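# take this sequence and fold it.
(chains A, B, C, D, E and F)
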4 protein chains.
Amino acid sequence: MSTSRSVRAKAAGKEAGGAREAILAAARQEFSAKGAAGARVNEIAARSGVNKQLIYYYFGNKEGLYAAALEAVYGEIRELEQGLLLEEEAPDDAMRTLVAFSFDYLAAHPEFIGMLKHENASGAQRIRQSPTLQGLNSPLIAMIRKTLKRGVASGIFRQGIDPLNLYISIAGMSYFFFSNGATLSSIFGRDLAAVRSVSAYRRHVVDFALAGLMAR
Amino acid sequence: MSTSRSVRAKAAGKEAGGAREAILAAARQEFSAKGAAGARVNEIAARSGVNKQLIYYYFGNKEGLYAAALEAVYGEIRELEQGLLLEEEAPDDAMRTLVAFSFDYLAAHPEFIGMLKHENASGAQRIRQSPTLQGLNSPLIAMIRKTLKRGVASGIFRQGIDPLNLYISIAGMSYFFFSNGATLSSIFGRDLAAVRSVSAYRRHVVDFALAGLMAR
Amino acid sequence: MSTSRSVRAKAAGKEAGGAREAILAAARQEFSAKGAAGARVNEIAARSGVNKQLIYYYFGNKEGLYAAALEAVYGEIRELEQGLLLEEEAPDDAMRTLVAFSFDYLAAHPEFIGMLKHENASGAQRIRQSPTLQGLNSPLIAMIRKTLKRGVASGIFRQGIDPLNLYISIAGMSYFFFSNGATLSSIFGRDLAAVRSVSAYRRHVVDFALAGLMAR
Amino acid sequence: MSTSRSVRAKAAGKEAGGAREAILAAARQEFSAKGAAGARVNEIAARSGVNKQLIYYYFGNKEGLYAAALEAVYGEIRELEQGLLLEEEAPDDAMRTLVAFSFDYLAAHPEFIGMLKHENASGAQRIRQSPTLQGLNSPLIAMIRKTLKRGVASGIFRQGIDPLNLYISIAGMSYFFFSNGATLSSIFGRDLAAVRSVSAYRRHVVDFALAGLMAR
DNA sequence: AATGAATGAGAGTTCATTCAT
DNA sequence: TATGAATGAACTCTCATTCAT
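Model prediction:
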């Protein structure tokens, strides 16, 4: 019996111990698409090609699996943020880089957008409860604060702009485009998911944000 | 028996025939908080003080109730939008009014934000399927287009700004503040729901957006 | 209020007091198609264009309405049976008339077949409990008995045929054709509801039954 | 706990893994007695001694269970039909065998009669939709055709009898006896379920059908 | 490490019937 | 005679989770 089972497992393309990763990958898709409440354990088991009970073996329960998926997705973002080296650029260029980055990582990580959407829809309890996820956006805030300061000092940026408020407005412009894209496309009759629409909006966001910072 | 019933009815604040409105009010709260999938018909019945089956009598099924609640909430927004008379203001003042309005109505209608959050989290299928809700934001887009044109003509606004992209970025700045407020407050350790935070962000958004439009 | 209502009632084509008949007509259709358990009071109310509660006013409950519909349908059959005057015909002609009649009345009264089907499917409790419906087929049995006797006496019919068994086999040949027509048509790929099929089977039944009675 | 469970399992007559068969057996009884609509999943679960949800685990839904029960019942009939070897008999004996068989299998399989009754009462949608159940009776039709031909060739059977019509009238005589037995017994005051009644009717049917086929 | 079988809690929905006027 | 509003009981089905191996 056990022999035939492991044979079948290998036939399904899994290595020994690869089941955990397969589950996690399927969970990220499922949770991103349907949220913690809407996701189905059955579906995750089916997608990852493992027995449902194995999910409980590895992750305890649905909540545990969700937490693991959430942290995995956030972990990828954090790595990307580490790569931003704004201090070597001029303040306006640095800010352009930062705005563009905040747009690009959302564009490139639909799973992240999906998780964030559902998290906020359900009151973000889980993010708030996870110590791992608390210090999340802080590196960006610090970067903005420094860059703002440099730009004000050099006279090209306006004074009195609050870094956190600026972060929220910059992030919001991009977030809204992706998170509400379906509604917007439908209501305004323009396909915002089209490559041209995306790159046009990216340009708009960078220009608009930069202009909003400039001293007159 | 009949006495206790009328007492209960009055306790729930219903007049004769007011059951339908009571259900709708409870539904707006419940759907806004938990979305269409997460909302519980039992809960709505309990909150509105009516028999659960009465909900089916009036609205057919959960989906029908959701549609009614969604359209009721949107209906209120639409009335507010009608009151905007931008053409009598100077272009920059008109745009300030518009940005402020897009912030204020989200601030004043948490039910609307709640519905929108869940709608987008679930792919906005329902908004897309409702003919009543199509063409919804178009009045705002038309206002933006006209105001932009006037501002460019008078030389105060930059050229080449797309009205839809501008709308998305303006709306996004406010939407993100409210929809992701819980997460943001927690992560950055500042209570964004506090009155001072809200009014500060309102000021920031108006200033930032206006500056972003100005010709240099 | 009451004025506007009676106006509406007349507008719907009902005379004063015609509601009862409208309900009964709709009930016969509905019960015949779906049986006592499957029929829906809502549907009967909708079909007859009356308020649901009126059904309870007139008939007490669903069971009472069913009984009324059942007896109405059976009443029509009984009237038809009264018209059979076999004694003036020669025994073989009389038997032909009888077999043909037992076929024709089923062909002409789909509501009767429908009721009978469902009644038997549910164990025929209702027919058994209704004193009105007890003496139902007896006239036919008596006719068969007399005709058989005459035929045996005149030497054209075989001896020893039990009248009740004969009745059952004659009735069964026709009943099965109509009650199981849908299944048979589908399984054997011949449209038994077509006019040609019906008249061909009618001829077959009469010939087959008569030949089965003949002395050799 | 685990002890009481295994006791219960044994009390219900199940071996390990026998739950599926226990469900199916209970389903055949329940569906046969009450039809697809009238049957209660709760009742089937209780009768088979399993948890209600296990039914959904194995059969998906009530409809799936019904289909499985229907095919199981039909499957048994089909096996019986395979055993008929008419070609070795003289045409009249072959026909007697066939008529008797069509009576006997109904007598011996009340579940089959029950299913058929309800199927036809509800329009036979399910039989029509099941590819497995199409072409079901065709072997019998082919047997009748061949036997008729042989009898006509040898001069003992009449000419011009349509095999399908003959099948319907033969099947109908037996079907009606069983399907409407309750009504008939009650109306005519003779217990048709009694052994003597059954065997008398069996003799009648065989004689009557054979006589109906004979050339004069 | 892995699996098929089994379960309890609860959700949405249907429907005959009654209330109150 | 007629009606809209309201209700309780029951039913099918879903889903996370546990049992037993």
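# which strands or helices does the helix or strand hosting A:Leu98 pack on?
Per DSSP states H and E, A:Leu98 falls inside helix A:91-108. Where contact means 3 or more Cβ pairs under 8 Å, 6 or more residues apart in numbering or on different chains; DSSP states H and E, helix A:91-108 is packed against helix A:62-82, helix A:110-121, helix A:138-153, helix A:163-179, helix A:195-213. C-beta coordinates here come from the backbone N, C-alpha and C atoms, glycine included.
# mind running it again at 7 Å?
Packed against helix A:91-108 by the contact rule (3 or more Cβ pairs under 7 Å, 6 or more residues apart in numbering or on different chains; DSSP states H and E) you find helix A:138-153, helix A:163-179, helix A:195-213.
# using a markdown table, please lay out those together with mean neighbour count.
Below are the helices and strands packed on helix A:91-108 laid out as a markdown table (neighbours: other Cβ atoms under 10 Å in any protein chain shown):
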| stretch | mean neighbour count |
| --- | --- |
| helix A:138-153 | 17 |
| helix A:163-179 | 24 |
| helix A:195-213 | 18 |
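# would you turn these into TSV with distance to D:Ala107 and mean pLDDT?
Converted to TSV, those look like this (distance: least, Cβ to Cβ, whole Å; pLDDT from 0 to 100):
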stretch	distance to D:Ala107	mean pLDDT
helix A:138-153	83	92
helix A:163-179	69	97
helix A:195-213	74	98
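# a markdown table for these, including distance to DNA strand E?
Shown next, in a markdown table, are these (distance: least, Cβ to the nearest atom of the strand, whole Å):
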| stretch | distance to DNA strand E |
| --- | --- |
| helix A:138-153 | 35 |
| helix A:163-179 | 25 |
| helix A:195-213 | 36 |
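# those: which one's closest to D:Arg126?
helix A:163-179 (46.1 Å; Cβ to Cβ).
# tell me the helix or strand right after the closest one.
helix A:181-188.
# now the angle from that following helix to helix A:110-121?
Helix A:181-188 and helix A:110-121 meet at an angle of 80 degrees, taking axes from the mean of the first three to the mean of the last three Cα atoms, to 10 degrees as the criterion.
# chain center to helix A:181-188: distance?
Computed by Cα atoms, centre = their mean, to the nearest Å, the chain-centroid distance of helix A:181-188 equals 21 Å.
# then stretch A:156-165?
Distance, centroid of stretch A:156-165 to centroid of chain: 25 Å (Cα atoms, centre = their mean).
# return that stretch as CSV; C-alpha atoms alone will do.
The C-alpha trace of stretch A:156-165 is given here as CSV (Å, rounded to 0.1, in the frame of the first residue of the first chain):
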residue,chain,number,x,y,z
ILE,A,156,13.5,71.7,-5.2
PHE,A,157,10.8,70.2,-3.0
ARG,A,158,8.1,72.0,-1.1
GLN,A,159,8.3,72.3,2.7
GLY,A,160,5.9,70.9,5.2
ILE,A,161,5.0,67.6,3.6
ASP,A,162,4.5,64.8,6.0
PRO,A,163,6.3,61.7,5.0
LEU,A,164,3.6,59.3,6.1
ASN,A,165,0.9,61.2,4.4
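# center of chain A - which residue?
Nearest to the mean C-alpha position of chain A, by Cα atoms, centre = their mean, lies A:Phe112 at 2.9 Å.
# give the contact list for that one.
A:Phe112 is in contact with A:73, A:77, A:106, counting by Cβ atoms under 7 Å, 6 or more residues apart in numbering or on different chains.
# burial of the residue in chain A that chain D sits nearest to, as a residue count?
Chain A approaches chain D most closely through A:Asn42 (11.3 Å), counting by Cβ to the nearest Cβ. The tally of other residues near A:Asn42 (other Cβ atoms under 10 Å in any protein chain shown) stands at 11.
# thought it was touching A:Lys52?
Yes - using Cβ atoms under 7 Å, A:Asn42 is in contact with A:Lys52, at 6.3 Å.
# quick one on the thing from earlier: can I get the helices and strands packed on helix A:91-108 in a markdown table with distance to chain C?
A markdown table is the format used below for the helices and strands packed on helix A:91-108 (distance: least, Cβ to the nearest Cβ, whole Å):
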| stretch | distance to chain C |
| --- | --- |
| helix A:138-153 | 60 |
| helix A:163-179 | 43 |
| helix A:195-213 | 49 |
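# can you redo the ones you listed as a markdown table with distance to B:Gly123?
Below are the helices and strands packed on helix A:91-108 laid out as a markdown table (distance: least, Cβ to Cβ, whole Å):
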| stretch | distance to B:Gly123 |
| --- | --- |
| helix A:138-153 | 28 |
| helix A:163-179 | 11 |
| helix A:195-213 | 18 |
